[in-house]
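[1] next input, structure requested:
(chains A, B, C and D)
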Protein chains: 2
Amino acid sequence: MKDGKTILSQWADDGQCDLTIDTSTDQALSSTLMRGLEILGLYSDTEDRLSNSEIARRLGLNRATVSRLCKTLVHMGYLRRDPKGLFRLAPQILSLAYPVLAATRWRHRLIPPMREIAEMSNGNVSLCVMSDDRFVQVQPVGDPASFPHIPEPGITGPLLRSASGRSLLALLEGQELNDKLAELRMRFPEDFDKYAEPTFAAIQRCREEGFCVAYGEWRPNIVALSTPLGQTEDGLYVALSCGLPRFRAREDVIENDLGPRMAEAANSIRMMGVFRAPSFAKQRA
Amino acid sequence: MKDGKTILSQWADDGQCDLTIDTSTDQALSSTLMRGLEILGLYSDTEDRLSNSEIARRLGLNRATVSRLCKTLVHMGYLRRDPKGLFRLAPQILSLAYPVLAATRWRHRLIPPMREIAEMSNGNVSLCVMSDDRFVQVQPVGDPASFPHIPEPGITGPLLRSASGRSLLALLEGQELNDKLAELRMRFPEDFDKYAEPTFAAIQRCREEGFCVAYGEWRPNIVALSTPLGQTEDGLYVALSCGLPRFRAREDVIENDLGPRMAEAANSIRMMGVFRAPSFAKQRA
DNA sequence: ACATGTGTTACGATATTTGAAACAAGAGGG
DNA sequence: CCCTCTTGTTTCAAATATCGTAACACATGT
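    Okay, here's the model as predicted:
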C-alpha cells in the first residue's frame, strides 16, 4: 500500500533513535509502589480471585513480599479476602476511577448515536480514549451476547494492533505523533516491527476515509472498525469503535457500508461541539 | 427511641474491647505503597489536577518523595501530566476498576426499576455495595441536575452516617454485624460516638419497615432513603438508595409514601433472584 | 503417618527509600 | 531590570523500610 508507505517513510526519515534505555532498576522509580500496582493490575474479568502464591508466581516475587503487599492493599480497602483466603478486588477500587468517570460526562450524550450504530451493525459499540500507550474504553453500548469480553468501562488494549488504537493515533499530528510512535517503538519493539505498517496504513485511511478496520489483529475473533472523533477540552483523544464477531462480519459490508456510516456518524457527533475536530476532518467537511 | 436501644444494648452487652491499636508505623504494612495509593486517592470530581507541592502538603510528605512517587505513577500509566505540569488521573485507572464492574453485571437488570423510582421521586437513585468500612455506589440512575455531586460509579461514603451505609449494615447479622461495628468503632471512634444510636435505629427500621432515612447527616443538603436488597452470590452486600435535594424533600411524603414504595420496590427486585434475601425480609414476605 | 502446598511472622542484611540541600526554571512585584 | 518567592527535579549520604531466608502453623491429600 502506498498510503502506508507515505507515513512510514516520513517516520523513517526522522531517524530519531533510542535514548537512554536504562529500563532496569531505575533508581528514580519506586519499585514497591510498582509491585503493589502490578498486583492490582493482575485482575481481569476472568481472573477475579488470586492466591498469594499465584500472585508471587506471576510477578516473580517472594511469597513473603506478596503477603505484605497484599496486607497493605487489604488495609487500604482495595483488596478483600474471600472465604477461602483468596484475594479479590474490593469495590472500593471504583472510587479511584470515579474522578475519571466524572470528568467524561460528555459520553452520556453520545450514547444515543452509539446505540443507533449498535443496532444497525448488530455489534458492540464503544467509546475509547488514549491513555499513554494504550486505549481505554470509557463507554460501551450494545448487547454483550456471544462476545469474549464483558463490555464495561475500563477495558484496555494496545494502540498498535487494534482499530481503536490506530484511529486514536490518527488524531495525533506532527511532532506529537512522532513522539508517540517513538515511545511505542521503545516500549514494544517486537509489536512495532510487526504492526507498524498496518498501523500507518490505518492512520492514513482514517484521515482520508474517516475510519479504519482491523481483522482480528488484537482479539482474534473480533473484527473492529474505528473512527477518530477528536480531542476533548481537557485533552483526551477520543475514538468511536465497533466490534463484530468474525463469523458474522462480511468484509464487503464492513468496507463499503458500515465503515462509511461510522465515519458519517463521527461527523455528526462532532457537530455536537464536544470535541475539537482533527484537522483532516475539518478539511473534509 | 426504644428501637434504637434494642440493638444498642445488645451491642453494649457484648463489651468486646479494643485490641492492638498499634496503628502507627505498622512494620507489617508497606508505607511506600500506601503513600502511592494515597496520592491516587486525593483526586475527586472537584479536585482533578494537583501539583507536586499540593500533594506533598496534603499528605505531609517531602516534595522530593512525591516527585518520585508521581514519576512512578506516571510511568505505570495511572497519572498523566497536563500542559502546566500538574498531575491528573489517567484514564487507565479505569482498567483497575474494570474487573469489579464486570463482576456486577446484575446491576444492569436493576436499572429499569431504579428508573421508575427516580421518576417517581424526582430524585437520584443509586445502587450501593459495602466495601470494608465504606459504601460504594456502583450504579446511579437519574438526572444529576442541581446535585452537589456527579452521579457515576465509584462514589463512596461512610457506613455510619449515611442512609446507604446503614441499610447495608442492616444486612449483616449476628457476629458479622458485631465485628463490623467493632471495626467501625475502632477506625472512627468520634463518628461512632456521634452516630451509633441513629445508626442502630436505622438498622432496626430497615428490618421492620424495609427502609431508613437520613436527613442530611452525610451530605448536608441531601435527604437520603435507602433499602437493603441482599447479598449477591459472590458475597457483596447491596442496597438501593434514593437522594433528594433537601429543599424539595417533604418529610411526610418521604416517611409515608416514598419510603414504603422503595421497600416495596426492593421486594419485587428480590424476586429477580439476584440476591440472597436477608432473613428479616424473608420473614416479612 | 507422611508429604506437599500454602500463608504468615520473625529477623538480619541490604538495597531502597528518604529528606536535606542544591539547582534550574518560572512567576510576580517593585 | 533585579529580586524574591515558589516550584519541580536531581544528587547524595544516611537510615530506614523492604526483602528473602528460614521457620512456623495450617490445610490437603496420599
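[2] what about A:Ile117, how many residues nearby?
    Using other CB atoms under 10 Å in any protein chain shown, A:Ile117 is surrounded by 23 other residues. Every residue, glycine included, has its C-beta placed from N, CA and C.
[3] which element is it on?
    Using DSSP states H and E, A:Ile117 falls within helix A:106-121.
[4] next, see if that helix gets close to chain B.
    No: applying CB under 8 Å from any CB of the partner chain, one finds helix A:106-121 separated from chain B by no less than 9.4 Å.
[5] buried ones in that helix?
    Across helix A:106-121, burial judged by 16 or more other CB atoms under 10 Å in any protein chain shown covers A:Trp106, A:Arg107, A:Leu110, A:Pro113, A:Met114, A:Ile117, A:Ala118, A:Ser121.
[6] cool, stretch A:54-66 as well?
    Residues of stretch A:54-66 classed as buried under the neighbour-count rule (16+ other CB under 10 Å) are A:Ile55, A:Ala56, A:Leu59, A:Leu61, A:Thr65, A:Val66.
[7] same question for stretch A:256-272.
    Neighbour counts over stretch A:256-272 (16+ other CB under 10 Å) mark A:Leu258, A:Gly259, A:Arg261, A:Met262, A:Ala263, A:Ala265, A:Ala266, A:Asn267, A:Ile269, A:Arg270 as buried.
[8] give me the subset of the residues you listed lying in helices.
    The helices, defined by DSSP state H, take in A:Gly259, A:Arg261, A:Met262, A:Ala263, A:Ala265, A:Ala266, A:Asn267, A:Ile269, A:Arg270 from the buried residues of stretch A:256-272.
[9] now A:Ser164: how far from A:Val274?
    Taking CB to CB, to the nearest Å as the measure, A:Ser164 falls 18 Å from A:Val274.
[10] ok, the two, which is more surrounded?
    A:Ser164 (34 against 18).
[11] and the helix or strand hosting that one, what other elements does it pack with?
    Assigned by DSSP H and E, A:Ser164 belongs to helix A:163-169. For helix A:163-169, the elements it packs on are strand A:124-131, strand A:134-141, strand A:156-158, helix A:174-187, helix A:189-209, strand A:212-215, strand A:222-231, strand A:237-245, judged by 3 or more CB pairs under 8 Å, 6 or more residues apart in numbering or on different chains; DSSP states H and E.
[12] and A:Pro83, which of those is closest to it?
    Nearest to A:Pro83, of all the helices and strands packed on helix A:163-169, is strand A:156-158, at 30.4 Å by CB to CB.
[13] circling back to that earlier point, of the helices and strands packed on helix A:163-169, which is nearest B:Val125?
    In terms of CB to CB, the element of these nearest to B:Val125 is strand A:134-141, at 20.1 Å.
[14] quick check: mean pLDDT across the closest one?
    Averaged across strand A:134-141, the pLDDT comes to 96.
[15] quick one: it to strand A:222-231, angle?
    100 degrees (axes from the mean of the first three to the mean of the last three CA atoms, to 10 degrees).
[16] pLDDT wise, what is A:Arg248 at?
    Taking A:Arg248 on its own, its pLDDT is 87.
[17] give me the phi and psi for it.
    Backbone torsions for A:Arg248, taken as degrees, to the nearest 10, come to phi -100, psi 0.
[18] tally of neighbours for it?
    11.
[19] could you tell me which residues of chain A lie near DNA strand D?
    Residues of chain A found near DNA strand D (CB under 7 Å from any atom of the strand) are A:Ala28, A:Ser31, A:Thr32, A:Arg35, A:Leu61, A:Asn62, A:Arg63, A:Ala64, A:Thr65, A:Arg68, A:Leu69.
[20] got CSV for these, with secondary structure, distance to A:Phe188 and pLDDT too?
    Output for those, formatted as CSV (DSSP: H, G, I helix; E, B strand; the rest coil; distance: CB to CB, whole Å; pLDDT from 0 to 100):
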residue, secondary structure, distance to A:Phe188, pLDDT
A:Ala28, coil, 22, 79
A:Ser31, helix, 22, 94
A:Thr32, helix, 25, 95
A:Arg35, helix, 21, 96
A:Leu61, coil, 24, 94
A:Asn62, coil, 28, 94
A:Arg63, helix, 30, 94
A:Ala64, helix, 32, 94
A:Thr65, helix, 28, 95
A:Arg68, helix, 32, 94
A:Leu69, helix, 27, 96
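[21] nearest to A:Asp179, of the residues you listed?
    Distance to A:Asp179, by CB to CB, is smallest for A:Ala28 among those, at 20.3 Å.
[22] how many neighbouring residues does that closest one have?
    So A:Ala28, with other CB under 10 Å, has 11 neighbours.
[23] shouldn't it be in contact with B:Val74?
    No: A:Ala28 is not in contact with B:Val74 according to CB atoms under 8 Å; the separation is 11.3 Å.
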